[in-house]
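Asker: let's see this in three dimensions:
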Amino acid sequence: MRLVQLMSVGALAALVPVTGVAQSASIQHLRVSVAATNDEWTPTGFAVSPGDVILIRSAGRVRIGQRMGEVDANGHGSGHQGALTLKIGTGAAVRVGARGFVVAEEAGPVKLRVQDTRYTDNTGTYNVDVIFIPSGAIPAAVDAKP
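Answerer: Now for the predicted structure:
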């Protein structure tokens, strides 16, 4: 499965109006704790369909092993150790970092995890805001007038 990461959360939020009862009623927001010691995927409680948008905002720092020290959800180095990753269903993991979003290309449950290869020597937790925007809540595009 492939996910598409497009632009910053702030840029997307500016594009998706949430005024009006019909649109805002279907947008959902949950806060999920993702422990750096957990080598399993943390469920978010959302299952998505193709075209749905998932926004991620993460706070906190984790310690990855004894040598690397603390990192934020963007991770460290070329391997992005400690980065916050997202997975839909059984698809491939995608690094979302501290701020990002994905557009689902396939259906499935949304899960999060800290990127690492050894979890027993980690500490800390990311507090992650997960905002789910169903594709039906996104209004049709109109041509901009100069």
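
Asker: so for stretch 139-146, mean pLDDT?
Answerer: Averaged over stretch 139-146, pLDDT sits at 90.

Asker: so what would you say the end-to-end distance of that stretch is?
Answerer: Using CA to CA, to the nearest Å, the end-to-end distance of stretch 139-146 comes to 20 Å.

Asker: roughly how far apart are the nearest residue to residue 85 once chain neighbours are set aside and residue 77?
Answerer: Closest residue to residue 85 in three dimensions, ignoring its sequence neighbours and counting by CB to CB, 6 or more residues apart in numbering: residue 93, at 4.4 Å. Yep, even glycine has a C-beta here, placed from its N, CA and C like the rest. Residue 93 sits 17 Å away from residue 77, taking CB to CB, to the nearest Å as the criterion.

Asker: so the residue nearest to residue 85 sits right up against residue 83, yeah?
Answerer: No. Because the distance of 9.7 Å does not satisfy CB atoms under 8 Å, residue 93 is recorded as not touching residue 83.

Asker: and for the two, which residues touch both?
Answerer: Taking CB atoms under 8 Å, 6 or more residues apart in numbering as the contact rule, the neighbours common to residue 93 and residue 83 are residue 115.

Asker: which of the two has more residues huddled nearby?
Answerer: With other CB atoms under 10 Å as the criterion, residue 93 and residue 83 differ in neighbour count, and residue 83 comes out ahead with 26 against 16.
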